[in-house]
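A.B. asks: I'd like to go over a predicted model; first the sequence, then the structure.
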Amino acid sequence: MIINMYITTKSLQCICFIVLFINKASPQETVQGFVGSSALLPCHSSSQVLTVHWRYNDIKNVYDIQNGKESTKEQDFDYSGRTQMFPKEFIKGNFTLKLTNLKQSDEGVYCCFIPDSPDPKNVQQYITLQVKAVAVKPRQYQAGQAEPRNQTPEKKANKLLLLLILFITINIQCCI
(Lines give C-alpha, C1' and ligand atoms only; values in the text may rest on other atoms or scores of the structure.)
Protein backbone atom coordinates (compact mmCIF):
# COMPACT_ATOMS: atom_id res chain seq x y z
CA MET A 1 0.00 0.00 0.00
CA ILE A 2 2.76 2.43 0.98
CA ILE A 3 4.77 1.46 -2.12
CA ASN A 4 1.74 2.05 -4.40
CA MET A 5 1.20 5.46 -2.77
CA TYR A 6 4.88 6.34 -3.27
CA ILE A 7 4.77 5.30 -6.94
CA THR A 8 1.54 7.28 -7.48
CA THR A 9 3.05 10.37 -5.82
CA LYS A 10 6.22 10.10 -7.92
CA SER A 11 4.15 9.61 -11.07
CA LEU A 12 2.09 12.70 -10.27
CA GLN A 13 5.24 14.73 -9.64
CA CYS A 14 6.68 13.57 -12.95
CA ILE A 15 3.47 14.45 -14.83
CA CYS A 16 3.32 17.88 -13.17
CA PHE A 17 6.95 18.54 -14.09
CA ILE A 18 6.35 17.54 -17.71
CA VAL A 19 3.22 19.72 -17.95
CA LEU A 20 5.05 22.69 -16.41
CA PHE A 21 8.07 22.14 -18.67
CA ILE A 22 5.93 21.92 -21.81
CA ASN A 23 3.97 25.01 -20.74
CA LYS A 24 7.16 27.01 -20.14
CA ALA A 25 9.09 25.70 -23.14
CA SER A 26 6.38 26.22 -25.71
CA PRO A 27 6.11 29.62 -27.39
CA GLN A 28 3.14 31.62 -26.19
CA GLU A 29 2.80 34.09 -29.04
CA THR A 30 3.77 34.30 -32.70
CA VAL A 31 4.81 37.49 -34.48
CA GLN A 32 5.33 37.72 -38.24
CA GLY A 33 7.59 40.10 -40.12
CA PHE A 34 9.20 40.51 -43.52
CA VAL A 35 12.86 40.63 -44.47
CA GLY A 36 14.05 44.25 -44.26
CA SER A 37 11.07 45.46 -42.19
CA SER A 38 10.65 45.56 -38.41
CA ALA A 39 8.72 43.57 -35.82
CA LEU A 40 7.42 44.30 -32.33
CA LEU A 41 8.02 41.52 -29.81
CA PRO A 42 5.61 42.06 -26.90
CA CYS A 43 6.53 41.64 -23.25
CA HIS A 44 4.46 42.82 -20.28
CA SER A 45 4.59 42.75 -16.53
CA SER A 46 1.70 43.40 -14.16
CA SER A 47 3.90 45.69 -12.06
CA GLN A 48 6.97 47.88 -12.32
CA VAL A 49 10.19 45.91 -12.48
CA LEU A 50 13.81 47.01 -12.84
CA THR A 51 15.37 44.08 -14.67
CA VAL A 52 14.36 42.54 -17.99
CA HIS A 53 16.43 40.37 -20.33
CA TRP A 54 15.65 39.59 -23.97
CA ARG A 55 17.28 36.43 -25.36
CA TYR A 56 17.17 34.63 -28.71
CA ASN A 57 16.89 30.82 -28.45
CA ASP A 58 18.21 31.16 -24.87
CA ILE A 59 21.68 31.75 -26.35
CA LYS A 60 22.10 35.23 -27.80
CA ASN A 61 21.80 38.38 -25.73
CA VAL A 62 19.37 40.63 -27.62
CA TYR A 63 18.72 43.39 -25.06
CA ASP A 64 18.87 44.11 -21.33
CA ILE A 65 17.18 46.49 -18.94
CA GLN A 66 19.14 46.69 -15.71
CA ASN A 67 18.13 48.86 -12.77
CA GLY A 68 15.45 50.43 -14.97
CA LYS A 69 17.96 51.52 -17.64
CA GLU A 70 18.58 50.18 -21.13
CA SER A 71 21.85 48.33 -21.65
CA THR A 72 23.40 46.99 -24.83
CA LYS A 73 26.90 46.39 -23.38
CA GLU A 74 26.64 42.62 -23.66
CA GLN A 75 24.39 42.62 -26.74
CA ASP A 76 25.17 40.01 -29.40
CA PHE A 77 26.76 41.56 -32.49
CA ASP A 78 23.89 40.29 -34.70
CA TYR A 79 21.50 42.73 -32.99
CA SER A 80 23.78 45.75 -32.79
CA GLY A 81 21.97 48.88 -34.00
CA ARG A 82 18.77 46.94 -34.77
CA THR A 83 16.98 46.97 -31.41
CA GLN A 84 14.83 49.61 -29.79
CA MET A 85 12.88 49.81 -26.55
CA PHE A 86 10.33 52.33 -25.30
CA PRO A 87 11.56 53.62 -21.90
CA LYS A 88 8.46 55.75 -21.27
CA GLU A 89 6.46 52.51 -21.36
CA PHE A 90 8.55 50.80 -18.64
CA ILE A 91 6.42 52.52 -15.97
CA LYS A 92 3.36 50.73 -17.39
CA GLY A 93 5.14 47.37 -17.35
CA ASN A 94 5.54 47.35 -21.15
CA PHE A 95 8.92 45.96 -22.25
CA THR A 96 8.11 45.43 -25.92
CA LEU A 97 11.20 45.11 -28.13
CA LYS A 98 11.34 46.51 -31.65
CA LEU A 99 13.68 44.60 -33.95
CA THR A 100 14.48 46.43 -37.20
CA ASN A 101 15.97 45.41 -40.55
CA LEU A 102 14.76 41.82 -40.12
CA LYS A 103 16.87 39.03 -41.54
CA GLN A 104 15.88 35.45 -42.23
CA SER A 105 18.33 34.43 -39.49
CA ASP A 106 16.25 36.40 -36.93
CA GLU A 107 13.52 33.78 -37.17
CA GLY A 108 13.15 31.75 -34.01
CA VAL A 109 12.06 31.88 -30.38
CA TYR A 110 12.70 34.96 -28.25
CA CYS A 111 12.38 35.01 -24.49
CA CYS A 112 11.58 38.04 -22.37
CA PHE A 113 12.89 37.09 -18.93
CA ILE A 114 11.65 39.17 -15.96
CA PRO A 115 13.34 37.67 -12.88
CA ASP A 116 11.61 40.04 -10.41
CA SER A 117 8.09 39.60 -11.78
CA PRO A 118 5.54 39.09 -9.02
CA ASP A 119 3.42 37.01 -11.40
CA PRO A 120 5.03 33.59 -12.05
CA LYS A 121 3.31 33.43 -15.47
CA ASN A 122 5.21 36.52 -16.61
CA VAL A 123 8.72 35.51 -15.51
CA GLN A 124 9.44 33.98 -18.93
CA GLN A 125 7.45 35.10 -21.95
CA TYR A 126 8.19 33.32 -25.23
CA ILE A 127 7.56 34.87 -28.63
CA THR A 128 8.13 33.07 -31.91
CA LEU A 129 9.26 35.35 -34.71
CA GLN A 130 8.51 34.22 -38.25
CA VAL A 131 10.38 36.14 -40.96
CA LYS A 132 9.02 35.90 -44.48
CA ALA A 133 10.66 36.90 -47.73
CA VAL A 134 9.49 40.17 -49.21
CA ALA A 135 6.82 39.67 -51.85
CA VAL A 136 7.83 41.20 -55.17
CA LYS A 137 5.20 43.60 -56.46
CA PRO A 138 4.29 43.26 -60.14
CA ARG A 139 5.55 46.20 -62.12
CA GLN A 140 2.92 48.61 -63.36
CA TYR A 141 3.23 49.54 -67.04
CA GLN A 142 2.09 52.84 -68.44
CA ALA A 143 0.06 53.12 -71.65
CA GLY A 144 2.29 52.65 -74.69
CA GLN A 145 5.06 51.02 -72.65
CA ALA A 146 5.96 47.52 -73.80
CA GLU A 147 5.69 44.66 -71.34
CA PRO A 148 8.81 42.55 -70.86
CA ARG A 149 9.15 39.35 -72.85
CA ASN A 150 9.54 37.27 -69.69
CA GLN A 151 6.59 34.94 -69.67
CA THR A 152 5.35 32.72 -66.92
CA PRO A 153 5.22 28.96 -67.53
CA GLU A 154 1.42 29.18 -67.64
CA LYS A 155 1.51 31.71 -70.50
CA LYS A 156 3.99 29.56 -72.42
CA ALA A 157 1.83 26.47 -71.91
CA ASN A 158 -1.27 28.32 -73.09
CA LYS A 159 0.52 29.45 -76.26
CA LEU A 160 1.75 25.90 -76.96
CA LEU A 161 -1.77 24.55 -76.43
CA LEU A 162 -3.21 27.10 -78.88
CA LEU A 163 -0.54 26.24 -81.47
CA LEU A 164 -1.26 22.53 -81.03
CA ILE A 165 -5.03 23.08 -81.49
CA LEU A 166 -4.33 25.21 -84.57
CA PHE A 167 -2.02 22.54 -86.01
CA ILE A 168 -4.60 19.75 -85.41
CA THR A 169 -7.37 21.89 -86.97
CA ILE A 170 -5.27 22.55 -90.10
CA ASN A 171 -4.41 18.84 -90.45
CA ILE A 172 -8.07 17.83 -90.11
CA GLN A 173 -9.08 20.36 -92.78
CA CYS A 174 -6.37 19.09 -95.13
CA CYS A 175 -7.64 15.52 -94.78
CA ILE A 176 -11.23 16.44 -95.63
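C.D. replies: The structure has been received and is ready for your questions. Residues are numbered from 1 along each chain as shown.

A.B. asks: contacts, neighbours, all on C-alpha from now
C.D. replies: Noted.

A.B. asks: Show me what the longest strand belonging to the chain pairs with in its sheet, parallel or antiparallel.
C.D. replies: Counting by DSSP state E, the longest strand found in the chain is strand 124-132. According to DSSP bridges, strand 124-132 has the following sheet partners: strand 29-34 (parallel), strand 108-113 (antiparallel).

A.B. asks: in that strand, what counts as buried?
C.D. replies: Gln124, Gln125, Tyr126, Ile127, Thr128, Leu129, Gln130, Val131 (16 or more other C-alpha atoms under 10 Å).

A.B. asks: before we move on, what about stretch 68-83?
C.D. replies: Those would be Glu70, Thr72, Gln75, Tyr79, Thr83, for stretch 68-83 by 16+ other C-alpha under 10 Å.

A.B. asks: for the residues you listed, which one is nearest Thr100?
C.D. replies: Thr83 (6.3 Å; C-alpha to C-alpha).

A.B. asks: Please identify which helix or strand holds Tyr63.
C.D. replies: strand 60-66 (DSSP states H and E).

A.B. asks: From Leu41, how far off is Phe90?
C.D. replies: 15 Å (C-alpha to C-alpha, to the nearest Å).
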